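# sequence below, structure please.
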Amino acid sequence: MMLLAAVIWGSAFVAQRLSAQDIGPFYYTGLRFLLGAGVVLAFCLLIPSQRKALRTIPTDVALLRAGGVLGLVTAIAISAQQIGLQYTKVANAGFITSLYVIIVPMMGLFARHKTATGTWVGAILAVVGMYFLSVDEHFTILLGDWYQLVCAIVISVQVLLVGRYAREHDPLSLSLVQFVATGLISMVVAAFSEPMGLASVRAALPAILYGGGLSVGIAYTIQVVAQKRASPAHAAVIFSMEGLFAAIAGWLVLGETLSLRAILGCALMLAGLLVCQLLPGRERDAHVPAAGNNGVAADA
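Okay, the predicted model is just below:
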């Protein structure tokens, strides 16, 4: 399930890039997350137990608070990602966003979680890789790469929060509230900063359907459901593969090519992502936080 989510998220970078030609970033984010909420709602209505859970949402203050916080954080992260895609390549966006797999355990230091040697080795490899990927021989960095780095940092916060809230609430109900909150927040920002009309929606409809129905409705729900049962470290390393799938999708659909320098950077970043999760091994797994108070889990 998590690998499927990584494939969908990686390929969704192409849809996000294509949508930028026809629709504003906040308008697109708002529409795709509201559509994703509709997908989750339809799924819940088909399951008797979930229909009962839906009726409790309006009165569950803790759930509404958790979903609202996740919605705000997600809106910030995805909007930064969407804006940045206008100024960088899909491969850059996918790999830089995947840095959350390293940022998450580093943030765990503030919660007094022990960080294994492998995590620091992986972090060094990833930073060097990002340098080769994003900084050219003239020592310039694409503007969009900075937005993707902001996205990676904020997504790391979302990762921590999902890992905690997914064990405290019904996953589908939490997903529904999160998506509605993200969509509404983005639409409000769009109303004050972007042109909004049916013409742009029609032009970007395929990207909206893919980004909303699959990337949000299916993949983000998989994230919440899977993290209820998966160890945070395993979830993080699988979800981080979205960077690889983004590069493949950018090459297949958009015809994007990478220089040897950039390919080396991607390889180093991928190595760093794997090393920081696989090398710690037993030591890492021994420090997975307890359910209900967990600090790490795994985005997009």
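# quick one, helices of the stretch 51-200 of the chain?
61-84, 90-97, 100-107, 117-134, 143-165, 171-193, 198-203 (DSSP state H, counting those that start in this stretch).
# mind checking which of these is nearest I8?
Comparing the helices of the stretch 51-200 of the chain by their distance to I8 (C-beta to C-beta), the top pick is helix 90-97, with 12.4 Å. C-beta coordinates here come from the backbone N, C-alpha and C atoms, glycine included.
# show me what that closest one is packed against.
Counting contacts by 3 or more C-beta pairs under 8 Å, 6 or more residues apart in numbering; DSSP states H and E, helix 90-97 packs against helix 2-19, helix 61-84, helix 117-134, helix 143-165, helix 242-254, helix 260-278.
# with mean neighbour count added, can I get the helices of the stretch 51-200 of the chain in CSV?
As requested, these are arranged in CSV below (neighbours: other C-beta atoms under 10 Å):
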stretch, mean neighbour count
helix 61-84, 21
helix 90-97, 29
helix 100-107, 25
helix 117-134, 20
helix 143-165, 23
helix 171-193, 22
helix 198-203, 13
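# F13: which of the ones you listed is closest?
The nearest among these, by C-beta to C-beta, is helix 90-97 at 4.6 Å.
# would you single out the least confident of the helices and strands packed on helix 90-97?
Lowest mean pLDDT within the helices and strands packed on helix 90-97: helix 117-134, a mean of 75.
# got the helices of the stretch 51-200 of the chain as TSV, with distance to D22 columns?
Below are those laid out as TSV (distance: least, C-beta to C-beta, whole Å):
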stretch	distance to D22
helix 61-84	13
helix 90-97	17
helix 100-107	28
helix 117-134	27
helix 143-165	18
helix 171-193	14
helix 198-203	4
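# so for G213, which of the ones you listed sits nearest?
It's helix 171-193; of those, that one is closest to G213 (C-beta to C-beta) at 11.7 Å.
# next, the angle from that closest one to helix 143-165.
150 degrees (axes from the mean of the first three to the mean of the last three C-alpha atoms, to 10 degrees).
# relative to A267, which of the helices of the stretch 51-200 of the chain is closest?
Using C-beta to C-beta, the helices of the stretch 51-200 of the chain put helix 117-134 closest to A267, at 7.1 Å.
# so G243 sits right up against V90, yeah?
No: using C-beta atoms under 8 Å as the test, G243 is too far from V90 to be in contact (10.1 Å).
# re earlier: looking at the helices of the stretch 51-200 of the chain, which is closest to V40?
The nearest among the helices of the stretch 51-200 of the chain, by C-beta to C-beta, is helix 171-193 at 4.8 Å.
# can I get the closest one in CSV? Just the C-alpha atoms.
Backbone C-alpha positions of helix 171-193 (Å, rounded to 0.1, in the frame of the first residue of the first chain) are rendered in CSV as follows:
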residue,chain,number,x,y,z
PRO,A,171,-8.0,7.0,9.9
LEU,A,172,-10.7,7.8,7.3
SER,A,173,-12.4,10.4,9.4
LEU,A,174,-9.1,12.0,10.1
SER,A,175,-8.3,12.0,6.4
LEU,A,176,-11.6,13.6,5.5
VAL,A,177,-11.3,16.4,8.0
GLN,A,178,-7.7,17.0,7.0
PHE,A,179,-8.6,17.2,3.3
VAL,A,180,-11.5,19.5,3.8
ALA,A,181,-9.4,21.8,6.0
THR,A,182,-6.6,21.9,3.4
GLY,A,183,-9.0,22.6,0.6
LEU,A,184,-10.9,25.4,2.4
ILE,A,185,-7.7,27.1,3.6
SER,A,186,-6.2,27.0,0.1
MET,A,187,-9.4,28.3,-1.5
VAL,A,188,-9.6,31.3,0.9
VAL,A,189,-6.0,32.2,0.0
ALA,A,190,-6.8,31.8,-3.7
ALA,A,191,-9.8,34.1,-3.4
PHE,A,192,-7.5,36.9,-2.3
SER,A,193,-4.5,36.2,-4.5
